[in-house]
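**Student:** predicted model and sequence follow; I will ask about them next.
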Amino acid sequence: MALNLQHNSAPAAVEDRRAILDNPGFGRFFTDHMVKVDWTVADGWADGAVIPYGPLSLDPATMALHYGQLIFEGLKAYHQPDGSIATFRPEANAQRFQRSARRLAMPELPVETFVDSLQALVDIDRSWVPSGADTSLYLRPFMISTEVGLGVRPADSYSYLLIGSPAGAYFPRGVQPVNVWLSTEYTRAAPGGTGEAKCAGNYAASLVAQAQAAAEGCDQVVWLDAVEHRLVEEMGGMNLYFVYGSGPNARIVTPKLSGTLLPGITRDSLLTLANDLGYVSAEAEISTEDWRLGNESGELTEVFACGTAAVITPVGEVKSAAHSWTVGDGKPGPITMQLRQALLDVQTGEAPDKHGWMHTLVAAE
Ligand SMILES: *Cc1c(COP(=O)(O)O)cnc(C)c1O
């Protein structure tokens with residue numbers, strides 16, 4: 001896949017970029033370039049291009065704006081101790097992007113094109129990768145339908161785009177547990193729906209529930225199954241893990257993929273990483289009753305959420321219409337913090353990459 005290169009003739013000034021990298025926050029600033037690859041029914045994927053970052057010009061009747069064929073991914077690039085820049089399991093993101101595309105009747109981007117696009121953007125915008133502890137360049141691949149018209153059917157043209165945004169430490173003042181609201185009024189995903197796809201519509205549908213959680217004094221919403229509102233599925237845009245017991249005999253369990261959960265790459269990696277650390281890991285059904293009674297008896301010691309953006313976030317308090325309770329002592333648990341550090345150490349090259357998860361994007365100079 002050839003990516004033509006069109007340099008940004010007016011990149012950010014060095015001092016402006018430095019000021020941004022000192023305090024990037026999340027998703028507020030973008031690098032000097034982006035990648036664009038177009039697809040049409042007639043010709044398939046065209047040659048892509050690295051072009052200056054800037055607005056898209058879209059006809060108001062562009063189908064994506066009306067019927068929501070819009071899928072995305074999220075992954076991070078990190079400086080490595082040897083001076084290279086690497087990312088974590090990009091082929092897994094590329095494959096998930098293909099599954100999301102299939103579900104939304106969109107064309108599948110070849111895995112190789114996806115990975116090449118990451119490499120091309122991070123190569124040209126390498127000076128945008130922050131180097132402080134827990135910082136990274138967040139990469140956001142996405143695809144939209146571009147055909148113009150209001151007829152409802154899969155579009156006949158699409159654009160794949162990739163943008164990059166420097167990301168600061170998620171917990172600049174130390175890891176803080178979140179309080180969660182168990183939502184029985186709203187659901188994120190129903191059987192046969194789009195819950196397994198990383199599509200924009202899932203997020204649009206989640207915002208009112210997130211607002212309700214906030215009104216209940218909670219940081220995040222926990223999604224339950226759509227049929228009985230009994231089984232725990234996810235927290236906001238992150239997967240969940242439950243820690244039973246403590247010390248070397250601890251067992252970590254994540255809700256099993258049911259067709260309505262987003263199969264997180266962090267979730268999948270932790271099943272393996274927990275084994276590496278000597279814990280038993282499993283996928284199982286977990287109900288809100290299991291959660292409440294497990295915390296009550298002390299058998300369930302820690303709960304955390306996981307995803308690319310925040311890595312691992314401990315859950316401190318749980319609230320529902322009927323009950324509220326504390327997870328463990330309400331503080332970040334030891335296994336939660338150990339897993340968090342172990343994963344970060346692999347991603348930042350501080351620990352050996354036993355499973356071949358790291359992918360070099362830019363070689364050391
Ligand atoms: C992206 C996402 C996750 C986490 O996936 P990762 O691959 O670990 O970043 C979890 N839940 C939802 C709803 C998501 O969109």
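**Tutor:** Happy to help now that I have it. Numbering: from 1, shown residues only.
**Student:** helices along this protein, start to end?
**Tutor:** 14-22, 64-67, 90-103, 111-124, 200-215, 265-276, 288-297, 334-347 (DSSP state H).
**Student:** what's the longest one packed up against?
**Tutor:** This points to helix 200-215. Helices and strands touching helix 200-215, by 3 or more C-beta pairs under 8 Å, 6 or more residues apart in numbering; DSSP states H and E, are strand 70-72, strand 178-183, strand 220-224. Yep, even glycine has a C-beta here, placed from its N, CA and C like the rest.
**Student:** now these in JSON lines, with distance to the ligand?
**Tutor:** Shown next, in JSON lines, are those (distance: least, C-beta to the nearest ligand atom, whole Å):
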{"stretch": "strand 70-72", "distance to the ligand": "9"}
{"stretch": "strand 178-183", "distance to the ligand": "14"}
{"stretch": "strand 220-224", "distance to the ligand": "8"}
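**Student:** where are the low-confidence patches of the stretch 1-150 of the chain?
**Tutor:** Residues of the stretch 1-150 of the chain that meet the criterion pLDDT under 70 lie in 1.
**Student:** redo that, cut-off 80
**Tutor:** For the stretch 1-150 of the chain, the stretches with pLDDT under 80 are 1-2.
**Student:** up against the ligand, what does the stretch 201-350 of the chain have?
**Tutor:** 234, 237, 238, 239, 262, 264, 265, 266, 267, 307, 308 (C-beta under 6 Å from any ligand atom).
**Student:** please report the distance of residue 59 from the ligand.
**Tutor:** Using C-beta to the nearest ligand atom, to the nearest Å, one obtains 29 Å as the distance from residue 59 to the ligand.
**Student:** who's in contact with the nearest residue to that residue once chain neighbours are set aside?
**Tutor:** When the adjacent residues along the chain are set aside, residue 59 lies closest to residue 148, with 4.5 Å between them (C-beta to C-beta, 6 or more residues apart in numbering). Taking C-beta atoms under 8 Å, 6 or more residues apart in numbering as the criterion, residue 148 is in contact with 59, 61, 62, 63.
**Student:** could I have the buried ones of these as ChimeraX selection syntax?
**Tutor:** In ChimeraX, this line selects whichever of these come out buried by 16 or more other C-beta atoms under 10 Å:
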select :62,63
